[in-house]
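[1] Any chance you can model this:
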Amino acid sequence: MLFHYHFWTPYVEETERFYVNNGFRIFQRIGKYEGDFQSFDPPLKWDDFREKNILFRIIEARKGTINITFGYGKRIQFDHIGFLVSENEKGTICENAIKLKWPVDSGERRTFITTPYHFRIELQTNKDIVDSITDNIKIQELRIETKIRGLENDLQFLFGQPVDTIKSIIGDTVTIREAFIKNFSSKQLEDPNGVKIST
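    Numbering: from 1, shown residues only. Next up is the predicted model:
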């Protein structure tokens, strides 16, 4: 199940505000302050720490089966998408990634696969990463702009079946152009990082 995407952005506060205004809740904020990583989780608000020059590594927004994260970057950069899978599925997907000669970085909490499309794929087996795995609010489709062709075919080999939630378009950059989110809003919106969001 596609549940996640991550951006680096200079518009951290604006991105948080956009998703909160559209029904997401902030689960955590972790940032570097005075040389150490610290938590600035709710109920803290931006007015409580805006003047502290915090370098946010991750802010996590949740709604239903969706988990969206973002951290500070000097420019907008799409980093990865995430799939919630079983342990068995993860093993098979990693074997297929190795057959594709895609690097696999297995961690305790999550596994990352580096693709030749200049973004990564996260495999997550912990269901507590979302508020609900049965909620009707979910990512139905991401339209990802890539510089090279073949993404859908490679994803089909990687997952052993067509991945209908990912569609690629060819362009000059690598980013998410559009996200179709079920039960999100009655009108098309655009987040501060250029992701158009439709229901």
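
[2] Now tell me what touches stretch 25-32 from outside.
    For stretch 25-32, the surrounding residues in contact (CB atoms under 8 Å, 6 or more residues apart in numbering) are 16, 20, 37-42, 44, 54-63, 67, 72, 131. C-beta: built from backbone N, CA, C; applies to glycine.

[3] Now, these that are in strands?
    Per DSSP state E, strands hold the following members of the contacts of stretch 25-32: 37-39, 55-63, 67, 72.

[4] Selection in PyMOL covering whichever of these are buried, please.
    Remark: buried members of the ones in strands among the contacts of stretch 25-32, expressed as a PyMOL selection using 16 or more other CB atoms under 10 Å:
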select buried, resi 56+58+59+60+61+62+63+67+72
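
[5] quick check, nearest of the ones in strands among the contacts of stretch 25-32 to N126?
    Comparing those against N126 with CB to CB picks out N67 as the nearest, at 10.7 Å.

[6] The closest one pairs with what?
    H4, R62 (DSSP bridges).

[7] just checking, it touches M1?
    No. Using CB atoms under 8 Å, N67 makes no contact with M1, being 11.1 Å away.

[8] Where does the prediction get shaky in the protein?
    Scanning the chain for pLDDT under 70 picks out 185-186.

[9] any chance you could map the helices in it?
    12-21, 87-99, 151-159 (DSSP state H).

[10] Any buried residues in the shortest one, and which?
    So that's helix 151-159. Neighbour-count burial for helix 151-159 [16+ other CB under 10 Å]: 151, 154-155, 158-159.

[11] coming back round to it: dump the helices of the chain to a markdown table, plus distance to I169.
    Formatted as a markdown table, these follow (distance: least, CB to CB, whole Å):
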| stretch | distance to I169 |
| --- | --- |
| helix 12-21 | 23 |
| helix 87-99 | 23 |
| helix 151-159 | 10 |
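
[12] Figure out which of those helices is closest to I139.
    That would be, of the helices of the chain and by CB to CB, helix 12-21, which comes in at 13.0 Å.

[13] Distance from the chain centre to that closest one, please.
    15 Å (CA atoms, centre = their mean, to the nearest Å).

[14] Likewise for stretch 141-158?
    Computed by CA atoms, centre = their mean, the chain-centroid distance of stretch 141-158 equals 16 Å.

[15] ok, and what's touching that stretch?
    Residues contacting stretch 141-158 (CB under 8 Å, 6+ apart): 2, 5, 78, 81, 93, 96-97, 99-100, 102, 113, 115-119, 121, 162-180.

[16] Those in strands, which ones?
    2, 5, 78, 81, 113, 121, 166-170, 175-180.

[17] Show the buried residues in those.
    For the ones in strands among the contacts of stretch 141-158, buried by 16+ other CB under 10 Å: 2, 5, 78, 81, 113, 121, 166, 168, 175-180.

[18] Serialize those residues to JSON lines and add fields for distance to V195.
    Conversion of these to JSON lines gives the following (distance: CB to CB, whole Å):
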{"residue": "L2", "distance to V195": "14"}
{"residue": "Y5", "distance to V195": "8"}
{"residue": "F78", "distance to V195": "9"}
{"residue": "I81", "distance to V195": "12"}
{"residue": "I113", "distance to V195": "22"}
{"residue": "I121", "distance to V195": "18"}
{"residue": "I166", "distance to V195": "14"}
{"residue": "S168", "distance to V195": "15"}
{"residue": "T175", "distance to V195": "8"}
{"residue": "I176", "distance to V195": "5"}
{"residue": "R177", "distance to V195": "7"}
{"residue": "E178", "distance to V195": "7"}
{"residue": "A179", "distance to V195": "6"}
{"residue": "F180", "distance to V195": "11"}
